[in-house]
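S.K.: the following block contains a protein sequence and its predicted model.
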Amino acid sequence: MTHNYFDTEIYSKIDFTKTKIKKGEYDNCTFKNCNFENVHASNIQFVECEFIDCNFSNTIVKDTAFKDVVFTNCKMIGVKFNEVDPFLLQVSFKDCLLNLASFYQLKIPNTQFKDCNLQEVDFTETTLTNSFFGNCDLKNAIFENSNLEKSDFLTATNFGINPEENKLKGAKFSRDTVDGLLLKHKIIIR
């Protein structure tokens, strides 16, 4: 089997639901306005790649490697990141729609989520130490046995995080949203 290698290429406006993505390693490539919706993008390596304005909704990424990959303004509903290759996994997200995605049991410290919609995302047993959730909507996101130490939630909204079930040492929260840490107790804060 031949191993395809793609270096510093730009892919623009490609509908991968019609044109099959080639298996192999994409190094320092940029994908702009591409459609990956429901595509089997398994066993592909993306190294230092950038995805801009792409649709990744329900894309299958089993054993796919994302090493230092940036997603900007991407629609990524229902992506099961928990199935990716965890070796050297490093991703960041800006202006992305990640509703219903799963990061279950992943070790992704230092992850940047900026201006993202993270509603109903599964962060169960995820290591997110020193991560940033800037202006993110975390409505109904699941945090159970998650390590959130030193993470920044200062501008995050709508989260419900139980301090008794998660590691929060050094995590930052604003006074305006601290009620998200007390939901379990069903108390009213005004």
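M.R.: Arrived safely.

S.K.: what residues of the longest strand seen in the chain count as buried?
M.R.: Secondary structure assigned by DSSP state E gives strand 65-72 as the longest strand of the chain. Neighbour-count burial for strand 65-72, counted by 16 or more other Cβ atoms under 10 Å, picks out 65-67, 69-72. The C-beta positions use only the backbone N, C-alpha and C, and glycine is treated the same way.

S.K.: just stretch 46-58 next, same as before
M.R.: Neighbour counts over stretch 46-58 (16+ other Cβ under 10 Å) mark 46-47, 49-52, 54-57 as buried.

S.K.: how does this protein divide into domains?
M.R.: What automatic domain parsing lists as the domains of the chain is 1-95, 103-190.

S.K.: and stretch 16-34, average pLDDT?
M.R.: What stretch 16-34 shows for mean pLDDT is 96.

S.K.: and that stretch, what's buried?
M.R.: Buried-residue list, stretch 16-34, by 16+ other Cβ under 10 Å: 16, 21, 25-27, 29-31, 34.

S.K.: any stretches of the protein with poor pLDDT?
M.R.: 1-2, 178-180, 182-190 (pLDDT under 70).

S.K.: kindly recompute the last result at 80.
M.R.: Scanning the chain for pLDDT under 80 picks out 1-3, 176-190.

S.K.: strands of that one, start to end?
M.R.: 5-7, 10-12, 25-27, 30-32, 45-47, 50-52, 65-72, 90-94, 112-114, 132-134.

S.K.: quick one: which of these is nearest Phe103?
M.R.: For those, proximity to Phe103 was assessed by Cβ to Cβ; strand 90-94 is nearest, at 9.6 Å.

S.K.: still on that earlier bit, how about the buried residues of stretch 16-34, which pair is most distant?
M.R.: The largest separation in the buried residues of stretch 16-34, counting by Cβ to Cβ, is between Phe16 and Asp27 at 18.3 Å.

S.K.: contacting residues for the nearest residue to Ser102 once chain neighbours are set aside?
M.R.: Spatial nearest neighbour of Ser102, chain neighbours left out: Asp122 (4.2 Å); criterion: Cβ to Cβ, 6 or more residues apart in numbering. Taking Cβ atoms under 8 Å, 6 or more residues apart in numbering, we find Asp122 in contact with 82, 101-104, 141-142.
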